[in-house]
Structures are given as structure tokens and as C-alpha cells.
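Visitor: This is a predicted model, with the sequence first.
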Amino acid sequence: MSHRGTRSTPELAGAAALVSRHLGTGARVTDMERLTGGTFNDVYRLTLEGAEQSAAVLKISPPPSVPLMTYERDLLRTEAGFYAHGSTVEGVPLPRVLGTDFDRKSADGDRLLMTHLDGRDWHTARSTIPACERDRLRCDLGRIIGELHHVQGVGFGYPQHGTPGTGSPWRTVFLAMLSDVLHDARTYNARLPFDEDRLLRTIDQKAWLLDDVTVPTLVHFDLWDGNVLVAEREGRLEISGIIDAERAFWGDPLADLVSPALFGDISDDEAFLAGYCSARGRGFRLGDHDLGRVAMYRIYLALIVLVEGTPRGYDPDERAPLTDRATADLFAALDRLHRTVPQATGEA
């Protein structure tokens with residue numbers, strides 16, 4: 001999902017200067033390979049000599065002229081922050097930030113240099129993963145995400161939007177996030193397959209569910225199979241990396257139960273939930289209200305998918321298989337939200 005005709009093309013010299021600045025004057029870039037499959041930034045694999053690492057990954061954000069959704073501002077800064085916070089948890093396989101260039105003086109976008117993780121993304125490797133291994137890996141993924149959710153912050157919201165630390169409750173922040181996406185739809189004339197007023201009425205009627213969330217937690221929010229790496233180690237497959245944390249925010253940890261079951265219901269993934277609940281500890285389990293909140297976050301992700309293609313200039317017909325699935329999941333999540341049991345004292 002690239003921004004067509006807007007990608008910057010960094011020269012080898014620019015990458016070499018960044019590597020030299022952060023990895024030492026003896027570090028050299030001997031090869032620079034553009035990686036495919038990214039949805040927002042340019043991504044390159046750098047082959048290195050004279051550095052502790054033999055390879056690194058360089059990400060470059062789109063130039064300022066590219067039209068963005070509201071939440072997409074400064075995403076590489078969000079990603080770098082996610083890895084810094086996530087690195088405090090042992091056993092979570094994240095890239096390590098090697099260096100950043102966010103002053104936009106030497107390039108027309110932000111640049112993030114990080115370690116290269118071995119493995120293939122789960123989406124690509126799916127057909128090669130034996131059925132007997134899948135449940136073990138799903139359990140491991142759930143455990144890793146559950147461990148990551150022990151990282152807590154000081155305020156809710158996107159890191160680059162100034163909301164963390166302001167003291168606003170999660171209900172206020174999340175409803176503003178959702179409102180921003182709908183505003184983006186109007187700004188870019190994105191066609192949405194539902195009545196906006198009806199959607200907002202349903203969300204408002206169930207907004208009391210969000211009041212259960214009082215502690216800001218580090219949320220990745222893009223944990224679909226393409227952002228999970230697997231590699232063979234000592235004769236068996238292991239999860240070797242969690243990558244592309246551009247959509248991260250401080251919020252309800254249950255928001256991370258959406259993309260692992262992309263356009264589906266995480267309740268159907270027993271292996272993932274077994275690992276996740278064990279990592280959360282103290283007899284953690286998902287109740288009706290929890291699944292109601294997950295439904296809200298499914299709606300939010302579906303809205304992003306339905307809107308983002310318009311400012312990025314995608315062909316609607318080519319994108320239809322994806323947007324059709326997002327639409328179906330949005331309505332399924334709305335139905336699930338409708339069925340959430342009200343509070344004993346009535347919905348507020």
C-alpha cells in the first residue's frame with residue numbers, strides 16, 4: 001500500500017552517512033536492497049562492513065507533500081519509541097534502534113536505522129508451517145504480546161499527537177481517534193459503506209465500556225501475520241521478530257487482539273488466547289465487556305482500511321478484496337457490540 005509516485009529514493013551516500021554517524025566511522029554500507037511489502041515507508045536492507053552488525057534496516061518516511069490521515073503524522077518517531085519502550089520487556093523479539101534522523105535536513109522525511117531480524121514473515125511462510133506447529137506458535141505469539149502489555153505509560157493516545165500525559169480518559173481519547181478517521185474520510189471524499197450517524201450512535205451507546213480502561217498500555221495495533229517473523233532455530237520454528245510498530249499508541253491492551261485475527265474474531269483462536277492470558281497473569285480471562293471493547297477496536301481498524309486507500313491513490317477495484325473484508329468485519333463487529341450486555345446500572 002505505497003504512496004504512488006511520492007516515494008523518496010535515498011542515495012547510497014545518504015545511507016552511508018547515517019550509518020557512519022551512528023555505528024562509527026569504520027562502518028560501511030556495501031549494498032542497499034529495497035524491501036517490498038511495506039505499506040507506508042520506504043524500507044531498505046543494508047549490508048554492512050566494519051560494524052557490529054552485518055546488516056541493518058533503514059526506513060524512510062514519505063515526503064511532507066504526501067497527503068496523510070490524521071494519525072499518520074510522524075509514524076517513524078512512534079515506531080522508534082515503541083521499540084525503546086518494548087525493549088524493557090525480556091523475551092519480546094523487537095528490532096533495536098541503532099540511530100535516527102528526525103531533523104529532515106539531510107532527507108525529505110524521517111529516517112530510522114535499526115537491527116535486521118532473521119526470518120520470514122508469517123504471512124509468506126504460512127504454507128510451510130506444519131499444522132502441528134501452528135498452535136504452538138500462536139500460543140507463543142499470544143504470550144509475547146501479553147508480556148509486552150506489561151509496559152505502561154503516563155497518558156492515552158498517539159505518542160506524536162501530544163495526548164499522552166494530558167490526563168484525558170481512554171473514552172475521550174479513543175472517541176477522538178475514531179472521529180479523526182471519519183473526518184479524514186470527509187476530507188478525502190472516501191466512500192464509506194454505512195451510515196455514519198448510525199455508527200456513531202451505536203458507539204456512543206456502548207462508550208461506557210471504555211471506562212473500564214484506566215491504565216495506558218503500549219499497543220502495537222498492527223500485529224497481522226505480515227508483521228510477525230518466524231525463523232528455524234535448533235531444528236524448530238520460533239517467532240523471531242515483531243516489526244512495523246508504526247501504528248502504535250498508548251491505550252487499551254485489548255486493542256492488540258484485533259490484528260492477530262485480522263477481519264475475524266480472536267475468540268476463535270484458542271491457542272493465541274491461551275498464551276496471551278497466561279502472560280497477563282492472575283487468572284486473566286476475556287469477559288463479555290472485554291469482547292465488546294475488542295469489537296470497537298475492530299471497527300476502528302476497519303475504518304482505517306476503508307479510508308486510507310483514497311489519500312494514497314489506490315485503485316478501488318484492485319483494493320476491493322481487502323475493503324470488502326474490512327466492510328464485512330465492521331458489520332460483524334457492530335453486531336457483536338450490539339449484543340454486549342449493559343451495565344447493571346444502565347448504560348451511561
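Guide: That came in fine, so what should we check first?

Visitor: Domain map for this structure?
Guide: 12-115, 120-338 (automatic domain parsing).

Visitor: The stretch 201-348 of the chain: helices as residue ranges?
Guide: 270-280, 288-308, 316-338 (DSSP state H, counting those that start in this stretch).

Visitor: For stretch 23-39, give me every contacting residue.
Guide: In this structure, residues lying in contact with stretch 23-39 by C-beta atoms under 8 Å, 6 or more residues apart in numbering are 1-2, 12, 15-16, 19-20, 42-53, 56-58, 98-99, 121, 226, 244. For glycine as for every other residue, the C-beta is placed from the backbone atoms N, C-alpha and C.

Visitor: Can you say which of the residues you listed are buried?
Guide: Among the contacts of stretch 23-39, those scoring as buried are 2, 15-16, 19-20, 42-44, 46, 48, 51, 53, 56-58, 98-99, 121, 226, 244 (criterion: 16 or more other C-beta atoms under 10 Å).

Visitor: Inside helices: which ones of the residues you listed?
Guide: Counting by DSSP state H, the part of the buried ones among the contacts of stretch 23-39 found in helices is 15-16, 19-20.

Visitor: tell me the contacts of the closest residue to residue 243 other than its chain neighbours?
Guide: In this structure, residue 243 finds its nearest non-sequential neighbour in residue 227, 5.2 Å apart by C-beta to C-beta, 6 or more residues apart in numbering. Applying C-beta under 8 Å, 6+ apart to residue 227 gives the contacts 121, 220, 242-244, 259.

Visitor: Farthest-apart pair in these, please.
Guide: Spatially, the most separated pair among the contacts of residue 227 is 121 and 220, at 14.6 Å (C-beta to C-beta).

Visitor: Now do the end-to-end distance for stretch 139-156.
Guide: Stretch 139-156 has an end-to-end distance of 28 Å (criterion: C-alpha to C-alpha, to the nearest Å).

Visitor: same question but for stretch 34-53, I mixed them up
Guide: Stretch 34-53 end-to-end distance (C-alpha to C-alpha) = 18 Å.

Visitor: and that stretch, how far from the chain's centre?
Guide: 19 Å (C-alpha atoms, centre = their mean, to the nearest Å).

Visitor: Same question for stretch 176-184.
Guide: 17 Å.

Visitor: returning to what we had before: just the ones of the contacts of stretch 23-39 in strands?
Guide: 42-49, 56-58, 98-99, 121 (DSSP state E).

Visitor: what two of these have the greatest distance between them?
Guide: So, the ones in strands among the contacts of stretch 23-39 by C-beta to C-beta: farthest apart are 49 and 121, at 26.8 Å.

Visitor: if we can go back for a sec, I'd like the ones in strands among the contacts of stretch 23-39 as CSV, with pLDDT appended.
Guide: Conversion of the ones in strands among the contacts of stretch 23-39 to CSV gives the following (pLDDT from 0 to 100):
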residue, pLDDT
42, 88
43, 92
44, 93
45, 94
46, 95
47, 93
48, 94
49, 90
56, 95
57, 96
58, 94
98, 96
99, 94
121, 95
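
Visitor: Now those residues in JSON lines, please, with extra columns for distance to residue 184.
Guide: Output for those, formatted as JSON lines (distance: C-beta to C-beta, whole Å):
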{"residue": "42", "distance to residue 184": "23"}
{"residue": "43", "distance to residue 184": "24"}
{"residue": "44", "distance to residue 184": "29"}
{"residue": "45", "distance to residue 184": "32"}
{"residue": "46", "distance to residue 184": "34"}
{"residue": "47", "distance to residue 184": "38"}
{"residue": "48", "distance to residue 184": "39"}
{"residue": "49", "distance to residue 184": "44"}
{"residue": "56", "distance to residue 184": "33"}
{"residue": "57", "distance to residue 184": "29"}
{"residue": "58", "distance to residue 184": "28"}
{"residue": "98", "distance to residue 184": "33"}
{"residue": "99", "distance to residue 184": "32"}
{"residue": "121", "distance to residue 184": "28"}
